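[1] Generate coordinates for the sequence data below:
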Amino acid sequence: MSKKNVAVVMGGYSDEYKVSLKSGQLIFDSLDRDLYNVYKVVILKDEWYFLDDRGEKAPINKEDFSVSLSIGFQVKFDACFNIIHGRPGENGELQAYWNTIGQKYTGCDFYQSALTFNKKDTLAVLSKYGIPSAKSIYLRHGEEIKEDEILKELGLPLFVKPNQSGSSLGISKVKEQSELKKALEFAFAEDEEILIESFLDGMEVSVGVVDFNNETIVLGITEIVPHKEFFDYEAKYEGASEEITPARIDDETRLKVEEISKRAYEALGMSGFSRSEFIIMKGIPYMLEMNTNPGFSPASILPQQAAIYGISIKDLCGNEVEKALAKN
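    Down below sits the predicted model:
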């Protein structure tokens, strides 16, 4: 049986590309070399390239996502392992392009990717499946801002966040009305659309869900204990939070979180890695968002959960590649 060519596709157009390169490296190192020829492909705003072991680059041909390594030697990939955080790998752009050229890839399809990248739309769809979320107000850039109405509707403190940005960039917690204007500007710097949400006072948990061996499984529930006010970019990537797996919750709450996480995953027709964030308040899990390409560096939550669940990174990643190869 000839080995399949697998490209681990990393990078991206946002500030998250650095995390994506670490995630890609872990997957690159973990895939079974007895089954696959594994290649590194980096996608950045200004260039798409294959990267060899010596750090030499070769451009990717965008017509068919192939690479010419020497005269007459062209590599086509049997599957692409998509581990780009943020645009274009987590908002559907890359998947739509791959669909068009007939390239197989891991993870969810372009629709799920585009939908989940939009927090407001995700929560709106999931509310139809009985999945609760915080009360919120949605604003587009340039719309009139009625501060008094916002405060009357949501109360203080509240959260202001960009609608479509990964990695907790542009989020503020507002405790006083005087802070609202600055928070709105901060969020609008990241996105044309923002969400203002009522504050949920409870435990934040991060839930890894994957389809493994044809079954939707919850890999784990991780409790997030921020050393700061909330789980922002610094807390996420610079160690300013404590992550406790499994979360310190009773069995009844755990089963509720597992059930809601699976329901959300299946309701959206998800595939591949996902990590959903919830706040548990008075025993009820309120959904904040779902990430379809969560961090997968050694420090990230999903690999930690897999280790505790007892699935090796090699098997977790191999399962993704095999599903991609089996696509029609």
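
[2] mind checking how far the nearest residue to Glu193 once chain neighbours are set aside is from Ile194?
    Of all residues not flanking Glu193 in the chain, Asn163 sits nearest, at 4.1 Å (Cβ to Cβ, 6 or more residues apart in numbering). Quick note: C-beta positions are derived from backbone N, CA and C, even for glycine. Computed as Cβ to Cβ, to the nearest Å, the Asn163 to Ile194 distance reads 6 Å.

[3] what about the two, which has more around it?
    Between Asn163 and Ile194, counted using other Cβ atoms under 10 Å, Ile194 has the larger neighbour count: 27 against 21.

[4] Wait, a strand at the more buried one?
    Yes: judged by DSSP: H, G, I helix; E, B strand; the rest coil, Ile194 forms part of a strand.

[5] need the contact list for the closest residue to it other than its chain neighbours.
    Spatial nearest neighbour of Ile194, chain neighbours left out: Ala187 (4.3 Å); criterion: Cβ to Cβ, 6+ apart. The neighbourhood of Ala187, defined by Cβ atoms under 8 Å, 6 or more residues apart in numbering, consists of 160-162, 170-172, 194.

[6] Please list all residues in contact with Leu156.
    Leu156 touches 174-177, 199, counting by Cβ under 8 Å, 6+ apart.

[7] err, Glu147, not the other one
    Contacts of Glu147 by Cβ under 8 Å, 6+ apart are 177, 180-181.

[8] which neighbours do Asn163 and Ile194 share?
    Tyr138.

[9] The helix or strand that contains Ser206 - contacts with which helices or strands?
    Secondary structure from DSSP states H and E places Ser206 in strand 203-212. When contacts are defined as 3 or more Cβ pairs under 8 Å, 6 or more residues apart in numbering; DSSP states H and E, strand 203-212 packs onto strand 215-226, helix 251-267, strand 274-281, helix 301-309, helix 313-326.

[10] One more pass at 6 Å, please.
    strand 215-226, helix 251-267, strand 274-281, helix 301-309 (3 or more Cβ pairs under 6 Å, 6 or more residues apart in numbering; DSSP states H and E).

[11] what's Gly283 in contact with, if anything?
    Residues in contact with Gly283 (Cβ atoms under 6 Å, 6 or more residues apart in numbering) are Thr253.

[12] ok so, going back, from the chain's centre, how far out does the strand holding Ser206 sit?
    11 Å (Cα atoms, centre = their mean, to the nearest Å).

[13] what's the answer for stretch 269-280, then?
    Worked out by Cα atoms, centre = their mean, stretch 269-280 lies 8 Å from the chain centre.

[14] Domain map for this structure?
    Following automatic domain parsing, the chain resolves into domains at 4-106, 115-132+201-292, 136-198.

[15] now for these, which one comes closest to Glu320?
    Set against Glu320 and scored by Cβ to Cβ, those come closest in domain 4-106, at 4.3 Å.

[16] Any idea which helix or strand in this protein has the lowest mean pLDDT?
    Here the helix or strand of the chain ranked lowest by mean pLDDT, DSSP states H and E is helix 233-237, holding a mean of 48.

[17] Show the pLDDT at the residue nearest to Ile194.
    Model confidence at Ala187, expressed as pLDDT, equals 93.

[18] Need phi/psi at it.
    phi -70, psi -40 (degrees, to the nearest 10).

[19] Residue numbering should commence at 44 henceforth.
    Shifting the count to begin at 44 puts that one at Ala230.

[20] related to what we said a few turns ago, quick one: which two of the contacts of Leu199 are the most distant?
    Gln220 and Phe242 (14.1 Å).

[21] So for these two, which residue has more residues nearby?
    Ranked by neighbour count (other Cβ under 10 Å), Gln220 and Phe242 place Phe242 first, with 19 against 12.

[22] residues in contact with the more buried one?
    Phe242 touches 200-201, counting by Cβ under 6 Å, 6+ apart.
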